[in-house]
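> Generate a structure from the sequence data that follows.
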Amino acid sequence: MSEEIRYDLIVVGAGPGGYVAAIRASQLGMKVAVIEKRATLGGVCLNEGCIPSKALLDSSELFSLARDRFSLHGITIGPPQLDLATMQRRKDDVVKRLTDGVAYLVKKNGITLVSGSAVLKGPDAEGLQVVAVRTAGQLPLPDGSSQAEMNAGAGITLLHGKRVLLATGSEAVALPSIPFDGQVVVSAREALSFDTVPEHLVVAGGGYIGLEIGSVWRRLGARVTIMEMLPRILPTMDQQVADMLYRTLRKQGIQFRLGTRITGVRRIGAKAIVQFNDGSGSEEVDCDSVLVAVGRRPLTAGLNLEELGIALDEKGRLAVDADYLTSLPGVYAVGDLVAGPMLAHKASEEGVVCVERMTGQHSTVEYEYIPGVCYTWPEAASVGQSEEQLKDAGTHYKTGRFNFAALGRARCMDETEGFVKILAHAESDRVLGVHIIGPRASDLIAEAVAVMTFGGTARDIALTCHAHPTLPEAIREAALDVHKEAIHA
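The predicted model follows:
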């Protein structure tokens, strides 16, 4: 069947870029449709990335605390027993509650939801962009109801829109000549759903995803070996933070092979032999699973971009202007489809700014203040420039640092590993970068983002009263140390 429906904005993809953009567009008075091929909303982030990984990280951290550190607090219990099935069910419930919540928000904002795969068809005779959707009917809503506005049933639906926003996200990249099989050679999706703890997990890639998922299974009892081509982990993070996290994870039992390239994987039944080379010759190691976390690429297959002549950059990302407009009039793109870090919060920011600029607002994404977080234990977080970047650019800067070991609240929590480092311009004192490794770094970085966004200085932080005893006091002490005035260093 064919049905024509007209919209102000058609959003392709209901991940953190797409659904946020759709809601903001609806708030601005647009008639909006969202096309999503998953059975649930939220994209990779909610379904198989950010949220399930953090659920398992929190659960595995509690398990590890009960096993290894409760006794330090005077809490005596028997050795904890792992019920992985229950842990996985909890993770799935967290995901379901949040994806249901997104569906509720979409419905609440009067957005039409279409389930199916989208193909761009170009402009119609009136200049409206046409999107063909092979539909599977209306997406289920939390209460099982349906929207009266659209229930096309199976078939092809044609949507006509003044504008189309592409927000289809990204997919995991496989190793050369080593395809994913979903059983032994897996992506994060499968690695977050193991029904047994692997005896030995090999992780290809020492970035955020590899370190986080490797940490989950190490805490739960697996032997974990992380193989990274570069001579260090977290190559985009400040060197001192990355080095300390490397040492800490090694103390937790994670094994590292840096400067190492995986050259092949040979399956033997349900297990695998991993072939690798660290520059001194070829070696082999056996394992249960290989998690490949070496990067992600824009998910553009099937959208018909090449046929419509939509320009891509050298990395296969969509080239866009300041309004996120592609080379095809009326078609926009945000999130992992365009240049910049592949982060959920970056995609959401771009989605909001994109639709606000459609209505004439002068919104902008301040890319230099997008924080990055690695949710290991301890956590690592950063915003702005690293010390290495400042040196390479020849920028004159001052450094302030404060160790959590000297902080009262960290002592009470028995979380004393790590530090806060603040980099400030040598003349203006403006904060250029903040780098944290330690307890709740993911929460602490928000203060740094706020200060930097408003052009704040190290002195501004130092003059701000911080409650005692709290973890944020470490940020103030680091700011004081920029001027060598720290009280508790």
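> okay, now residue 128: neighbour count?
Residue 128: 19 surrounding residues under other Cβ atoms under 10 Å. All C-beta atoms are positioned from the backbone trio N, CA, C, and that covers glycine.
> Pretty sure it sits against residue 159.
No. Contact criterion Cβ atoms under 8 Å: residue 128 and residue 159 do not qualify, at 9.4 Å.
> next one: the one helix or strand in the chain whose mean pLDDT sits lowest to chain centre, how far?
When each helix and strand of the chain is scored by mean pLDDT, DSSP states H and E, strand 129-136 comes last, with a mean of 88. Centroid separation between strand 129-136 and its chain, computed with Cα atoms, centre = their mean, to the nearest Å, is 28 Å.
> Buried residues, whichever helix or strand comes after that strand. List them.
Moving toward the C-terminus from strand 129-136, the next helix or strand (DSSP states H and E) is strand 154-166. Of the residues in strand 154-166, 157, 159-166 count as buried by neighbour count, 16 or more other Cβ atoms under 10 Å.
> Dump strand 154-166 to PDB, keeping only the CA atoms.
These are the backbone C-alpha positions of strand 154-166, laid out as PDB (Å, rounded to 0.1, in the frame of the first residue of the first chain):
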ATOM      1  CA  ALA A 154       3.000  -3.500   6.600                       C
ATOM      2  CA  GLY A 155       4.000  -2.100   3.300                       C
ATOM      3  CA  ILE A 156       5.600   1.000   1.800                       C
ATOM      4  CA  THR A 157       4.700   4.400   3.200                       C
ATOM      5  CA  LEU A 158       5.800   7.600   1.600                       C
ATOM      6  CA  LEU A 159       6.500  10.600   3.900                       C
ATOM      7  CA  HIS A 160       6.800  14.100   2.500                       C
ATOM      8  CA  GLY A 161       8.700  16.600   4.600                       C
ATOM      9  CA  LYS A 162       9.900  20.200   4.300                       C
ATOM     10  CA  ARG A 163      13.100  18.900   6.000                       C
ATOM     11  CA  VAL A 164      14.700  15.500   6.800                       C
ATOM     12  CA  LEU A 165      17.100  15.000   9.600                       C
ATOM     13  CA  LEU A 166      19.400  11.900   9.400                       C
END
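> Which neighbouring elements make contact with it?
Applying 3 or more Cβ pairs under 8 Å, 6 or more residues apart in numbering; DSSP states H and E, we find strand 154-166 packed against strand 4-12, strand 32-36, strand 112-123, strand 129-136, strand 331-333, helix 344-358.
> which residues sit against the last one?
Applying Cβ atoms under 8 Å, 6 or more residues apart in numbering, the set of residues contacting helix 344-358 from outside is 9, 15-18, 20-22, 24-25, 28, 30, 45, 49-50, 163, 165, 167, 169, 322-324, 332, 334-336, 338, 340, 363-365, 367, 370-371.
> Can you flag which of those residues belong to helices?
For the contacts of helix 344-358, the ones inside helices are 18, 20-22, 24-25, 45, 50, with DSSP state H as the criterion.
> Between all of these, which two are separated the most?
Greatest spatial distance in the ones in helices among the contacts of helix 344-358: 25 and 50, 23.0 Å, computed using Cβ to Cβ.
> What score does the residue nearest to residue 234 when sequence neighbours are not counted have for pLDDT?
Nearest residue to residue 234, sequence neighbours excluded (Cβ to Cβ, 6 or more residues apart in numbering): residue 242, at 4.3 Å. In this model, residue 242 is scored at 98, pLDDT.
> Likewise for the one 10 residues further on?
Predicted confidence (pLDDT) at residue 252: the value is 97.
> Tell me who's in contact with the nearest residue to it once chain neighbours are set aside.
Excluding the flanking residues, the one nearest residue 252 by Cβ to Cβ, 6+ apart is residue 218, at 6.3 Å. Listed by Cβ under 8 Å, 6+ apart, the contact partners of residue 218 are 224, 252-254.
> Report whether residue 218 is found in a strand, as I expect.
No. Residue 218 sits outside any strand when classified using DSSP: H, G, I helix; E, B strand; the rest coil, being helix.
> per-residue pLDDT, it?
pLDDT recorded at residue 218 is 98.
> Kindly provide the distance from it to residue 194.
Counting by Cβ to Cβ, to the nearest Å, the gap from residue 218 to residue 194 is 13 Å.
> same check, this time on residue 330
Distance of residue 330 to residue 194, computed by Cβ to Cβ: 44 Å.
> And those two? Which one has more around it.
Counting neighbours by other Cβ under 10 Å for residue 330 and for residue 194 shows that residue 194 has the greater number, 21 against 17.
> give the contact list for that one.
With contact taken as Cβ under 8 Å, 6+ apart, residue 194 is in contact with 84, 217, 289.
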